[in-house]
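A.B. asks: show me how the following folds:
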Amino acid sequence: MESLTSKTCVACRLGAPLASKEEVHDFMPQLPNWAIVEEHEVKRLKRVFRFNNFIEAMVFTQKVANLAEDENHHPAIVTEWGKVTVCWWSHKIKGLHVNDFIMAAKTDSL
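C.D. replies: Model prediction:
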C-alpha cells in the first residue's frame with residue numbers, strides 16, 4: 001500500500017465523495033494516534049500533539065499552517081500551553097475525504 005505521505009491532495013469540490021469505509025479501514029492503521037470524532041454531525045480526524053512549552057507548540061502550529069497553505073487544505077488548530085489539537089475534515093462535503101487522511105499523515109511527519 002502506498003504511504004499517505006507520498007500522496008498529494010486534490011481539489012475537493014462540492015459533491016466529491018466521502019472516504020469509503022474501505023479507504024478508512026486502509027488508512028487508519030497508518031494514523032495510529034488519530035481518532036475519528038463527530039462534531040456537529042460531521043466526522044473529523046483529530047489528534048492532540050504534546051509539547052514542553054508554549055513556544056514549541058507555536059512552532060508546530062506554524063509548521064501545520066505552512067503545510068496547509070502548501071496543500072490548500074486547512075484544518076482547525078487549537079494551540080495551548082504544551083499542546084496543539086489538530087482536526088482535519090473537508091468543509092465542502094461535511095466529512096472525511098481522502099485528502100484529510102493524507103494531511104493527517106503529513107502532519108505526523110512534521
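A.B. asks: I'd assumed residue 73 was in a helix, is it?
C.D. replies: No. Under the criterion used here (DSSP: H, G, I helix; E, B strand; the rest coil), residue 73 is coil, not part of a helix.
A.B. asks: check the burial of it by counting its neighbours.
C.D. replies: 21 (other C-beta atoms under 10 Å). In short, each C-beta sits where N, CA and C put it, glycine included.
A.B. asks: got it, and residue 76?
C.D. replies: 13.
A.B. asks: check residue 55 too.
C.D. replies: Neighbours of residue 55 (other C-beta under 10 Å): 10.
A.B. asks: report pLDDT for it.
C.D. replies: We note a pLDDT of 97 for residue 55 in this prediction.
A.B. asks: now do residue 72
C.D. replies: pLDDT, residue 72: 89.
A.B. asks: same thing with the one 3 residues further on?
C.D. replies: According to the prediction, residue 75 has pLDDT 96.
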